[in-house]
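J.: only geometry, no sequence info:
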């Protein structure tokens, strides 16, 4: 089984003030331990870097060195894959969009779902309930 995590899980794991910080750290530690194949899609990584280093979001934002280091620790694992758009991405995005009809803030969610579909990843660990709008993937809340 392969899976991916949404940026919110990575962010909660980095935010010690979050009420779900301990559980999020455990989820990321499980990801790091393997052996299941875990995907980190580039839009998720970029969202993590953008938000974790933003002083308006975190009381104590991470430095870019800390945030990059967190990602590098995960990418250094042999079972973690970093993937972006492939040759068939646009077709997949069109199909995902036709099903969910995303607009506004749901467009980045459709982007992530399309990457998942293109790479045959069906499970997303996220607290974001909006992903339930996409029938192609299963969104699981690791904090429920």
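T.: Thanks, I have it. Treat the numbers as computed from the prediction; the structure is a model and nothing was measured.
J.: use CA for all of it now, contacts and neighbours both
T.: Noted.
J.: for the chain, what helix or strand is lowest in average pLDDT?
T.: Every helix and strand in the chain was compared by mean pLDDT, DSSP states H and E; the lowest is helix 89-100, with a mean of 92.
J.: quick one: buried residues of that helix?
T.: The neighbour-count check on helix 89-100 (16 or more other CA atoms under 10 Å) flags 89, 92-93, 96-97, 100 as buried.
J.: Touching it from outside, list them.
T.: Helix 89-100 is contacted by residues 110-111, 113-115, 117-118, 133-136 when judged by CA atoms under 8 Å, 6 or more residues apart in numbering.
J.: excluding its backbone neighbours, what's nearest residue 77?
T.: residue 32 (6.8 Å; CA to CA, 6 or more residues apart in numbering).
J.: List the contacts of that neighbour.
T.: 74, 77, 80.
J.: quick one: secondary structure of it?
T.: What DSSP: H, G, I helix; E, B strand; the rest coil gives for residue 32 is helix.
J.: Now find how far off-centre the helix or strand harbouring residue 12 is within its chain.
T.: Element membership for residue 12, per DSSP states H and E: helix 7-14. Helix 7-14 has its average C-alpha position 9 Å from the chain's average C-alpha position, going by CA atoms, centre = their mean, to the nearest Å.
J.: could you pull out the helices for the protein?
T.: 7-14, 21-33, 42-52, 64-75, 89-100, 106-118 (DSSP state H).
J.: related to what we said a few turns ago, name only those of the contacts of residue 32 that count as buried.
T.: Buried members of those, scored by 16+ other CA under 10 Å, are 74, 77, 80.
J.: Let me have these in JSON lines, extended by pLDDT and distance to residue 52.
T.: Below are the buried ones among the contacts of residue 32 laid out as JSON lines (pLDDT from 0 to 100; distance: CA to CA, whole Å):
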{"residue": "74", "pLDDT": "97", "distance to residue 52": "16"}
{"residue": "77", "pLDDT": "97", "distance to residue 52": "22"}
{"residue": "80", "pLDDT": "97", "distance to residue 52": "21"}
